[in-house]
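>>> Let me see the structure of the following:
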Amino acid sequence: MLTLYIDFKSAASYLALEPTLELARKTGVAIDWRPFSVRPFSVPEEHVEETVGERHRRVRAAAQRDTHLHYAAVQGRDIRFAETPAGSDVALAALAVMEGDPVPFLRAAFAAYWTEQADLADEAVVEALLQSADIDRPDWKAARTKLANIRDQAEETGVFEAPSYLIADQLFLGREHLPWIRSLVAAEQGA
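Residues are numbered from 1 along each chain as shown. Predicted structure coming up:
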């Protein structure tokens, strides 16, 4: 079993989706999709009198955005970074209690967030996405409670960012570790 912590507002999580599904198709490993809310990403504005630290954070964030845009282009994905990022907690709460195959919802939610800048913290928006994926509306109170419990457990495991992969008691941050994760899947399967 491969546990993957994601957040819809994480460009890295979006870019990890299809490569992770490909890994699952090729190896047969089951994926346990877990919601994990991260800080919204934004590039700080340049200021005339910014400190060295402020400039470093701005330049680093711009480079990170450009890297995501590059890999999105490599994958043939159109992603747009909003000036004011929307939330994702309602969609994450829905994922927390979702039964069955979440992939249609994952694809719909990521696409809505990254191409249309949909607010996935809005119940009406998320309910429309759930309906499009033929998934019933959850009990929102129970879903939010489960989301909080998952976050607490994830933090105890050492998760602090998304995407984070957990396999064979090892934690990996980012899709760049998929080759190593593939070798761990093969070792678990005795290949």
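>>> where do the strands sit along the chain?
2-6, 31-35, 164-167, 170-173 (DSSP state E).
>>> May I see the buried residues of the last one?
Which is strand 170-173. 171-173 (16 or more other Cβ atoms under 10 Å). Using the backbone N, CA and C atoms, a C-beta is placed for each residue, glycine as well.
>>> Same check on stretch 109-124?
Going by 16+ other Cβ under 10 Å, stretch 109-124 has these buried residues: 109-114, 118-121.
>>> what sits up against that stretch?
8-9, 11, 13-14, 17, 77-80, 82, 86-92, 125-126, 129, 140 (Cβ atoms under 8 Å, 6 or more residues apart in numbering).
>>> same deal with stretch 85-97?
7-9, 33-37, 40-42, 102, 105-106, 109, 113, 117-123, 125-126, 129-130, 135, 138-140, 142-144, 146-147, 150.
>>> What subset of those is buried?
So, by 16+ other Cβ under 10 Å, the buried ones in the contacts of stretch 85-97 are 7-9, 33-37, 41, 102, 105-106, 109, 113, 118-121, 125-126, 129-130, 135, 138, 143-144, 146-147, 150.
>>> from these, which ones fall inside helices?
With helices taken from DSSP state H, the overlap with the buried ones among the contacts of stretch 85-97 comprises 105-106, 109, 113, 125-126, 129-130, 143-144, 146-147, 150.
>>> if we can go back for a sec, can you put the buried residues of strand 170-173 in TSV and add pLDDT?
As requested, the buried residues of strand 170-173 are exported to TSV (pLDDT from 0 to 100):
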residue	pLDDT
L171	95
F172	94
L173	93
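>>> Please compare those by their distance to E22 and name the closest.
F172 (16.4 Å; Cβ to Cβ).
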